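>>> fold the following and give me the result.
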Amino acid sequence: LLKNVYIPVSVTNIGEKAFIVCPSLEEVTLPRNLQYIGKEAFSKTGLKMIKIPESVKLIDEWAFVDCQNLTEAEISAETVGNFAFGMCTSLWHVAMWKGVETIGSEAFSGCEELSMVTLGDVKSIGNYAFKNCKDLNNIIIPSTVSHLGKGVFAFCENLESITVSLANDYYKEESGMVLSKDGQTVVCAPGGIKSVNIPEGVTNIAGSAFYGCSLLKGVNIPEGVLDIGDKAFGWCESLVSVSVPNHLKDLDVDEVFYGCSKDMEIKYYTPEPEPEFMIDGNGVLRGVKVNGVEKVVIPDGVVEIGEGVFAHERHWGLKEVVIPEGVTHIGDEAFAECYDLEKVTIPSTVVSIGYDAFYFCESLKRLSLPSGLREVGYDAFAACSSIEEVTIPSGMTYIPRGMFLGCDLLKNVYIPVSVTNIGEK
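Model prediction:
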């Protein structure tokens, strides 16, 4: 029974299938001048540990495949070929030292107990290189990597995030995923990811990016995504619900979601339009296009809401407005005849509200006037027929003409001692 092999320094090449199916072979010493290890050279042997010198240029395909007793591998070879260590089910530790540049497709696929990997100065990692490494729970992509293949960590169900060196010029980590350095492409996701938050700025989800993320249950694809590659969500077997923007309706669902459950639900949605603001150089909001949205949050930096900005029938459907801290004045007729407006958040910085500012906002139910308010124009809340209660802020001295004219449901008004005059109507 062949148990030990010592190969002399004179040997530079080990041919194809040289030691294949030698199940008793437990130890081999490779020479420092070795340059090539052939296809299936040590396949299905009983090797327990292997140390490959830096003189080796290529570990060819299937060289150590199905070595069931192999637990550790120290590799300095320039290229680790396709499926070179595939199905080494006891392999738990792989150290790739300086000199390793390329890891081939499925090089360590099916190494179920692999939990510790050092990638050294690797430049390229091939498709599905670590597929089905179920015990892998930590990986660092070094600064030297310039190419990541498809589905590199597919079915690595204990790997929930991937770390990328900050010095890498090609990739970055965000939300546990690998993105292109410019943040526009999701390149690769860890096989154990359970929920996905695709970052703002992403326009492309690469082919097989989430391939084999078998624990992933739901995905919301943001409206900024313009393209999704083949098998991007292939074999995401737990995926039950996906939200996709309407502009991707022509997506080849069978290809993108290859291998997913037939019961998976795909919901197409129309992104809510964004309001457009016209703000002058002094911070005055001069105009706004609401574009049919129900809620508008006025951006920070605005100090005044100009005259008639939201007024009249052009903003029907607007239900809520949030005015930011820093705004000091709400102009005349600013929200006049916004019939559907139900709620306005007025910040503490507002000191004055113009005439007819909320005239005929008949759906306005909640009104909280800020403590710093000092001046209100006539008819400011006239015909706000849904308001039931108002507290006038301490510090106001005058309630102007028609301030609450026609507020049919107004039941309670609290007027502070600072008020000395109440205007007509």
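>>> got the buried residues for stretch 256-271?
Going by neighbour count (16 or more other Cβ atoms under 10 Å), the buried part of stretch 256-271 is 256-258, 260, 264, 266. In short, each C-beta sits where N, CA and C put it, glycine included.
>>> give the burial count for residue 318, as a bare number.
By the criterion of other Cβ atoms under 10 Å, residue 318 has 24 neighbours.
>>> didn't it look like it was pressed against residue 293?
Yes: between residue 318 and residue 293 there is a contact under Cβ atoms under 8 Å: 7.4 Å.
>>> residues contacting the residue lying closest to residue 245 once chain neighbours are set aside?
Closest residue in space to residue 245, ignoring its immediate chain neighbours: residue 223 at 4.5 Å, by Cβ to Cβ, 6 or more residues apart in numbering. Neighbour list for residue 223: 245, 247, 271 [criterion: Cβ atoms under 8 Å, 6 or more residues apart in numbering].
>>> phi, psi for residue 223 please.
Here is the backbone geometry of residue 223 (degrees, to the nearest 10): phi -60, psi -20.
>>> that one and residue 196, how far apart?
15 Å (Cβ to Cβ, to the nearest Å).
>>> count of residues packed around the residue lying closest to residue 422 once chain neighbours are set aside?
Closest residue to residue 422 apart from its sequence neighbours, by Cβ to Cβ, 6+ apart: residue 399 at 4.6 Å. By the other Cβ under 10 Å criterion, the neighbourhood of residue 399 contains 18 residues.
>>> hmm, residue 399 is touching residue 424, no?
No: counting by Cβ under 8 Å, residue 399 does not reach residue 424; the two are 10.3 Å apart.
>>> just the CA coordinates for stretch 237-257, please, in PDB.
Output of stretch 237-257 as PDB, limited to C-alpha atoms (Å, rounded to 0.1, in the frame of the first residue of the first chain):
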ATOM      1  CA  GLU A 237     -34.800  28.800  -3.300                       C
ATOM      2  CA  SER A 238     -36.400  30.600  -0.300                       C
ATOM      3  CA  LEU A 239     -37.300  33.700  -2.300                       C
ATOM      4  CA  VAL A 240     -41.100  34.200  -2.000                       C
ATOM      5  CA  SER A 241     -41.500  37.900  -2.900                       C
ATOM      6  CA  VAL A 242     -39.700  40.300  -5.300                       C
ATOM      7  CA  SER A 243     -40.600  44.000  -6.000                       C
ATOM      8  CA  VAL A 244     -39.500  45.100  -9.500                       C
ATOM      9  CA  PRO A 245     -39.900  48.600 -11.000                       C
ATOM     10  CA  ASN A 246     -42.200  48.800 -14.000                       C
ATOM     11  CA  HIS A 247     -39.400  49.800 -16.400                       C
ATOM     12  CA  LEU A 248     -38.000  46.300 -16.000                       C
ATOM     13  CA  LYS A 249     -41.300  44.500 -17.000                       C
ATOM     14  CA  ASP A 250     -39.600  43.000 -20.000                       C
ATOM     15  CA  LEU A 251     -37.200  41.100 -17.800                       C
ATOM     16  CA  ASP A 252     -36.600  37.500 -18.700                       C
ATOM     17  CA  VAL A 253     -38.000  36.200 -15.300                       C
ATOM     18  CA  ASP A 254     -37.200  32.600 -16.000                       C
ATOM     19  CA  GLU A 255     -33.500  33.400 -16.600                       C
ATOM     20  CA  VAL A 256     -33.000  36.000 -13.900                       C
ATOM     21  CA  PHE A 257     -34.700  33.900 -11.200                       C
END
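>>> give me the below-cutoff pLDDT ranges for this structure.
Scanning the chain for pLDDT under 70 picks out 313-315.
>>> what about the helices in it?
Using DSSP state H, the helices of the chain run over 253-256.
>>> grab the nearest non-local neighbour of the residue nearest to the spatial centre of the chain.
In the chain, the centroid-proximal residue (Cα atoms, centre = their mean) is residue 198; its distance is 2.3 Å. Spatial nearest neighbour of residue 198, excluding adjacent residues (Cβ to Cβ, 6+ apart): residue 222 at 5.6 Å.
>>> for residue 389, which residues are in contact?
410-413.
>>> and it, how far is that from residue 414?
8 Å.
>>> separation between residue 416 and residue 388?
19 Å.
>>> kindly report the same for residue 71.
75 Å.
>>> what does residue 381 give?
For residue 381, the distance to residue 388 - Cβ to Cβ - is 12 Å.
>>> which one of the two has more residues nearby?
residue 381 (25 against 13).
>>> contact partners for the more buried one?
Per Cβ under 8 Å, 6+ apart, neighbours of residue 381: 357-359, 361, 364, 367, 387, 390, 403-404, 407.
>>> kindly report the same for residue 67.
42-47, 85, 88, 91.
>>> and what of residue 300?
Shown in contact with residue 300 (Cβ under 8 Å, 6+ apart): 324-326.
>>> what's the answer for residue 96, then?
Residue 96 sits in contact with 75-76, 80, 103, 117-120, 122, where contact means Cβ under 8 Å, 6+ apart.
>>> nearest residue to it in space, please, no chain neighbours.
Residue 96 sits nearest to residue 120 (Cβ to Cβ, 6+ apart), 4.4 Å away.
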